[in-house]
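J.: model the structure of this input:
(4 chains)
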Number of protein chains: 2
Amino acid sequence: MTSEPAPRWRRLEPDERRAQILACARRLFGERHYEAVSTTELARQSGVARGLINHYFGTKRELYLAVVRDLMFIPEYAVERLPRGTLEERVAASMDRFLAVIERNSAMWLAAIGTGGYGRDPDVERIMHEADEIAADRILETVGLAGTTAGREELRAMIRSFSGMAKAATREWLVSRTLTRDQVHLLLCTTQVAIITQVHGTLFG
Amino acid sequence: MTSEPAPRWRRLEPDERRAQILACARRLFGERHYEAVSTTELARQSGVARGLINHYFGTKRELYLAVVRDLMFIPEYAVERLPRGTLEERVAASMDRFLAVIERNSAMWLAAIGTGGYGRDPDVERIMHEADEIAADRILETVGLAGTTAGREELRAMIRSFSGMAKAATREWLVSRTLTRDQVHLLLCTTQVAIITQVHGTLFG
DNA sequence: CCCGCCTGTTGGCAGGTTGTCAATAGGGCG
DNA sequence: CGCCCTATTGACAACCTGCCAACAGGCGGG
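T.: Just a heads-up that it's a prediction; the model follows:
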């Protein structure tokens, strides 16, 4: 007659539970900064015991790093089928796709480049650096310099520096609203072309 | 006969004590990130009771913000007596002074821009933004566009974006050692000139 | 259909951290 | 010399994090 007592908690697959906690962490870390989020609250909002978070991620810090790593995965804008044309045309086209992706995933992008808690954090810095490396490779392909050998590392370093400007510029566009999309496009295209033709050209032309 | 018992602690002027704690905090936050520094250690190394830190700065967070604010005060590279000449020459000269200052205070500079570089933390973000504003004004003076009215805000926004690249580039130079000082100089000069002549010129020329 | 085992999950403990506040004592001044 | 102002201390309460032994959901063998 009496139905069996409803289980007090459901047993999930590790991957599933992990993803659930990660999603909740992404949300909380997204709206508040590191130290303002306690594992206690994280556990409560995830609907699990606090100890489970340590079981899956080890430490609060590692959970945070997992979130950052996760956010850095931005759907890549297809590089294939880029129009053949002058350097300027190809840069303009790829930058256009880039901004389109950013615009569609603006929240995620801002969260990703805006992540970093406070204080210099070598771990976070390393993750950001890896992401910049990937972006640099993509740009090299785009502009058809993927096979360059002379001054390759310098060029990559300059492109990583350029990424710093791209991040700041998209923030001006999407957060401060002080630049329009077209202005950002012009700014980034001009700069990128200048770096490739003038700077890299001067040094290793 | 017995000399009077040596006082167990010295009474200092508030400003003096405040500065002493701040100096210690600057050192510790410079070598480790926020959460890895405890107020307990801060107090011990400062040679004061932990409670005194809260008395002077309120909270650990506010102490941190005070450090950041302090670090952002970089001795300004004199703008006066800039050589009269072409735009390129003036930009090159001012950039040279800029890099010289950076080189002399590299630890401080890296701590400042590494701090939050990109912070979801609104307070830190606001401080960094103020510093960028000041830098933008200085650049405008340098290139002799301080009086511009057409597209002034857009130009400032672009210069702030440029600051993002300058930060990343100095990091490549001083931390990763992937760029030389000369290469950074060339990169920044070329970019800045391109922004002013091509981008700003195109839009509001 | 029931039982036993594997392992996902819990809950409480120990050490450490932060902000507060009443009490203490340095040292300048009348 | 002694008073008084206030810089400074030390202890307390609340909280947080990492750890771990114990518990129980639910799948597979008998």
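J.: can you tell me the closest non-neighbouring residue to the residue positioned nearest the centre of chain A?
T.: What sits nearest the mean C-alpha location of chain A, by CA atoms, centre = their mean, is A:M72, with 3.0 Å. Using CB to CB, 6 or more residues apart in numbering or on different chains and skipping residues adjacent in sequence, the residue nearest A:M72 is A:A131, 4.5 Å away. Backbone N, C-alpha and C define where each C-beta goes, glycine included.
J.: now that neighbour: how far from A:T191?
T.: With the distance defined as CB to CB, to the nearest Å, A:A131 ends up 20 Å from A:T191.
J.: what sits against the residue nearest to the centre of chain A?
T.: A:112, A:127-128, A:130-131 (CB atoms under 8 Å, 6 or more residues apart in numbering or on different chains).
J.: could you report the distance from it to A:Q192?
T.: To A:Q192, A:M72 is 21 Å away according to CB to CB.
J.: just the buried residues of the contacts of A:M72.
T.: A:112, A:127-128, A:131 (16 or more other CB atoms under 10 Å in any protein chain shown).
J.: point out where chain A drops to low pLDDT.
T.: A:1-5, A:73-82, A:115-120 (pLDDT under 70).
J.: which residues of it lie near DNA strand D?
T.: For chain A, the residues found near DNA strand D under the criterion CB under 7 Å from any atom of the strand are A:7-11, A:37-41, A:50-51, A:54-55, A:58-61.
J.: next one: stretch A:83-103, is it in contact with chain B?
T.: No - shown here: stretch A:83-103 not in contact with chain B (CB under 8 Å from any CB of the partner chain), separated by at least 11.5 Å.
J.: list the buried residues in that stretch.
T.: Neighbour-count burial for stretch A:83-103 flags A:90-92, A:94-95, A:98-99, A:101-102 (criterion: 16+ other CB under 10 Å).
J.: same deal with stretch A:148-167?
T.: A:151, A:154-167.
J.: now the buried residues of stretch A:83-103 in CSV, with secondary structure?
T.: As requested, the buried residues of stretch A:83-103 are exported to CSV (DSSP: H, G, I helix; E, B strand; the rest coil):
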residue, secondary structure
A:R90, helix
A:V91, helix
A:A92, helix
A:S94, helix
A:M95, helix
A:F98, helix
A:L99, helix
A:V101, helix
A:I102, helix
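J.: out of those, which is nearest to DNA strand C?
T.: When these are compared for distance to DNA strand C (CB to the nearest atom of the strand), A:V101 comes out closest, at 34.3 Å.
J.: quick one: that closest one from A:T170, how far?
T.: In terms of CB to CB, A:V101 sits 11 Å off from A:T170.
J.: among the residues of chain A next to DNA strand D, which are located in strands?
T.: Among the residues of chain A next to DNA strand D, none falls in strands (DSSP state E).
J.: for the buried ones among these, write the corresponding ChimeraX selection.
T.: To isolate the buried members of the residues of chain A next to DNA strand D in ChimeraX, using 16+ other CB under 10 Å:
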select /A:37,39,60,61
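J.: now, which of the residues of chain A next to DNA strand D lie close to chain B?
T.: Among those, chain B is touched by A:R61 when using CB under 8 Å from any CB.
J.: out of the residues of chain A next to DNA strand D, which are inside helices?
T.: Under the assignment DSSP state H, these contribute A:39-41, A:50-51, A:54-55, A:60-61 to helices.
J.: for the residues you listed, work out which two are farthest apart.
T.: Maximum pairwise distance among these (CB to CB): 17.6 Å, between A:E41 and A:H55.
J.: for A:A135, which residues are in contact?
T.: A:A135 sits in contact with A:159-160, A:163, where contact means CB under 8 Å, 6+ apart.
J.: from these, which is closest to A:H33?
T.: Closest to A:H33, out of all of the contacts of A:A135 and judged by CB to CB, is A:S163, at 23.1 Å.
J.: distance-wise, check that closest one relative to B:E172.
T.: Counting by CB to CB, the gap from A:S163 to B:E172 is 11 Å.
J.: tell me the helix or strand right after the helix or strand the residue nearest to A:M72 falls within.
T.: When elements are assigned from DSSP states H and E, A:A131 belongs to helix A:122-142. Following helix A:122-142 in sequence order, the next helix or strand is helix A:152-171 (DSSP H and E).
J.: show me what that following helix is packed up against.
T.: helix A:106-113, helix A:122-142, helix A:181-194, helix A:201-204, helix B:152-171, helix B:181-194 (3 or more CB pairs under 8 Å, 6 or more residues apart in numbering or on different chains; DSSP states H and E).
J.: report the distance from that helix to the chain centre.
T.: Distance, stretch centre to chain centre, for helix A:152-171: 14 Å (CA atoms, centre = their mean, to the nearest Å).
J.: between it and helix B:106-114, how big is the angle?
T.: 50 degrees (axes from the mean of the first three to the mean of the last three CA atoms, to 10 degrees).
J.: quick one, helix A:152-171 and helix A:122-142 angle?
T.: Using the same axes, to 10 degrees: helix A:152-171 against helix A:122-142 is 100 degrees.
J.: alpha carbons only: can I get helix A:152-171 in PDB?
T.: What follows is helix A:152-171, C-alpha atoms only, in PDB (Å, rounded to 0.1, in the frame of the first residue of the first chain):
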ATOM      1  CA  ARG A 152      57.600  33.100 -37.400                       C
ATOM      2  CA  GLU A 153      57.800  33.400 -33.600                       C
ATOM      3  CA  GLU A 154      58.100  37.200 -33.700                       C
ATOM      4  CA  LEU A 155      55.100  37.400 -36.000                       C
ATOM      5  CA  ARG A 156      53.100  35.100 -33.700                       C
ATOM      6  CA  ALA A 157      54.000  37.300 -30.700                       C
ATOM      7  CA  MET A 158      52.900  40.400 -32.500                       C
ATOM      8  CA  ILE A 159      49.600  38.700 -33.400                       C
ATOM      9  CA  ARG A 160      49.100  37.800 -29.800                       C
ATOM     10  CA  SER A 161      49.700  41.400 -28.900                       C
ATOM     11  CA  PHE A 162      47.100  42.300 -31.500                       C
ATOM     12  CA  SER A 163      44.700  40.000 -29.700                       C
ATOM     13  CA  GLY A 164      45.000  42.300 -26.700                       C
ATOM     14  CA  MET A 165      43.800  45.100 -28.800                       C
ATOM     15  CA  ALA A 166      41.000  43.000 -30.300                       C
ATOM     16  CA  LYS A 167      39.700  42.200 -26.800                       C
ATOM     17  CA  ALA A 168      39.900  45.800 -25.700                       C
ATOM     18  CA  ALA A 169      38.100  46.900 -28.900                       C
ATOM     19  CA  THR A 170      35.300  44.400 -28.600                       C
ATOM     20  CA  ARG A 171      34.800  45.600 -25.100                       C
END
